[in-house]
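Student: No sequence on hand, only this structure:
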Ligand code: DX5
Ligand code: ZN
């Protein structure tokens with residue numbers, strides 16, 4: 001189970017401080033949301049924002065590109081210190097090339113799917129990715145409410161992973177708090193991006209551990225139920 005605080009919810013005036021706070025909180029990864037003002041109606045930060053915080057921690061940097069032209073950015077983010085790069089399946093016929101490009105730079109490969117996009121769109125790529133990012137809000141802004149209708153997609157991604165014996169992580173992003181993290185873990189998610197619900201806590205370390213404990217418990221319960229049924 002991986003807990004990845006999203007820096008989008010941190011105080012932008014104190015980026016370095018907030019990165020160190022996530023590191024000290026023993027978060028597993030740091031999630032970095034890159035918005036280009038075109039793929040989504042908001043702008044966040046660029047490779048320089050990643051580069052300046054890179055020396056502060058050895059946490060894996062999980063870079064989520066909500067960008068219309070990731071092909072011109074992937075190398076920049078790799079140089080800036082990304083460990084994983086996630087692109088969107090909504091880019092359609094460019095996806096294969098983008099995944100290949102990320103892999104060729106030696107990084108972990110992620111594919112994201114927006115709430116209105118059918119989960120079957122990711123099927124052709126499942127054997128090429130390390131992470132499937134299921135968006136649980138429409139991307140662009142932190143602090144939005146979780147869209148419960150997305151949960152069956154998590155169940156489907158989990159079923160495909162079992163069926164095909166593939167290793168990809170099932171990551172959820174958007175509106176993840178203690179309650180919705182539990183709901184996603186029950187459905188099969190194993191990687192939890194959380195911005196507002198984590199960075200909003202005074203004691204980030206306690207909050208990260210609490211979320212980890214909750215999702216571990218749900219995963220154990222799911223396995224237990226599965227063992228009884230089979
Ligand atoms: C949404 C971003 C998310 C965002 C999540 O566009 O992809 O990573 O930071 O933030 P919360 O947890 O506040 O919904
Ligand atoms: Zn994200």
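Tutor: Structure's in. What do you need? Just so it is clear, the model here is predicted, and its values are computed rather than measured. Ligands and ions are numbered 1, 2, ... in the order given.
Student: all contacts plus neighbour counts: C-alpha atoms, from now on.
Tutor: Will do.
Student: just checking, residue 170 touches residue 156?
Tutor: No: assessed by Cα atoms under 8 Å, residue 170 is found out of contact with residue 156, at 10.5 Å.
Student: Between the two, which has more neighbouring residues?
Tutor: residue 170 (23 against 15; other Cα atoms under 10 Å).
Student: That one belongs to a helix, doesn't it?
Tutor: No: counting by DSSP: H, G, I helix; E, B strand; the rest coil, residue 170 is not part of a helix but strand.
Student: Write down the beta-bridge partners of it, one by one.
Tutor: For residue 170, the beta-bridge partners are residue 132 (DSSP bridges).
Student: gap between it and residue 73?
Tutor: Distance, residue 170 to residue 73, using Cα to Cα, to the nearest Å: 24 Å.
Student: again with residue 119
Tutor: 26 Å.
Student: And the two? Which one has more around it.
Tutor: Ranked by neighbour count (other Cα under 10 Å), residue 119 and residue 73 place residue 119 first, with 18 against 13.
Student: any idea how far residue 157 is from that one?
Tutor: Relative to residue 157, residue 119 is positioned 8 Å away (Cα to Cα).
Student: Let me see the confidence value for the closest residue to residue 60 other than its chain neighbours.
Tutor: Closest residue to residue 60 in three dimensions, ignoring its sequence neighbours and counting by Cα to Cα, 6 or more residues apart in numbering: residue 29, at 4.8 Å. pLDDT, residue 29: 98.
Student: Surely residue 29 and residue 58 touch.
Tutor: No: counting by Cα under 8 Å, residue 29 sits too far from residue 58 to count as a contact (9.0 Å).
Student: between the two, which one's more packed in?
Tutor: Set residue 29 next to residue 58 and count neighbours by other Cα under 10 Å: residue 29 wins out with 23 against 11.
Student: Now do the contacts for that one.
Tutor: If a contact means Cα atoms under 8 Å, 6 or more residues apart in numbering, then residue 29 has 2-5, 59-62 as its contacts.
Student: need those residues in TSV with pLDDT and neighbour count, can you?
Tutor: Below are those laid out as TSV (pLDDT from 0 to 100; neighbours: other Cα atoms under 10 Å):
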residue	pLDDT	neighbour count
2	98	19
3	98	24
4	98	28
5	98	30
59	98	18
60	98	17
61	98	21
62	98	24
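Student: and of those residues, the nearest to ligand 1?
Tutor: residue 5 (7.9 Å; Cα to the nearest ligand atom).
Student: ok, and what's touching the helix or strand harbouring that closest one?
Tutor: Using DSSP states H and E, residue 5 falls within strand 2-5. Contacts to strand 2-5, defined as Cα under 8 Å, 6+ apart, come from residues 22, 27-31, 190-195, 198-199, 208, 211-212.
Student: Report the secondary structure element holding residue 58.
Tutor: Applying DSSP H and E, one finds residue 58 in no helix or strand.
Student: hey, where'd the helices end up in this structure?
Tutor: Along the chain, counting by DSSP state H, helices occupy 15-24, 47-53, 74-80, 95-104, 151-164, 178-187, 196-199, 204-229.
Student: what's the closest of the ones you listed to ligand 1?
Tutor: Smallest distance to ligand 1 across the helices of the chain (Cα to the nearest ligand atom): 3.8 Å, for helix 196-199.
Student: right, is that closest one up against ligand 1?
Tutor: Yes: using Cα under 6 Å from any ligand atom, helix 196-199 reaches ligand 1 at 196-197.
Student: Off-centre distance for that helix?
Tutor: 14 Å (Cα atoms, centre = their mean, to the nearest Å).
Student: what's that helix packed up against?
Tutor: helix 204-229 (3 or more Cα pairs under 8 Å, 6 or more residues apart in numbering; DSSP states H and E).
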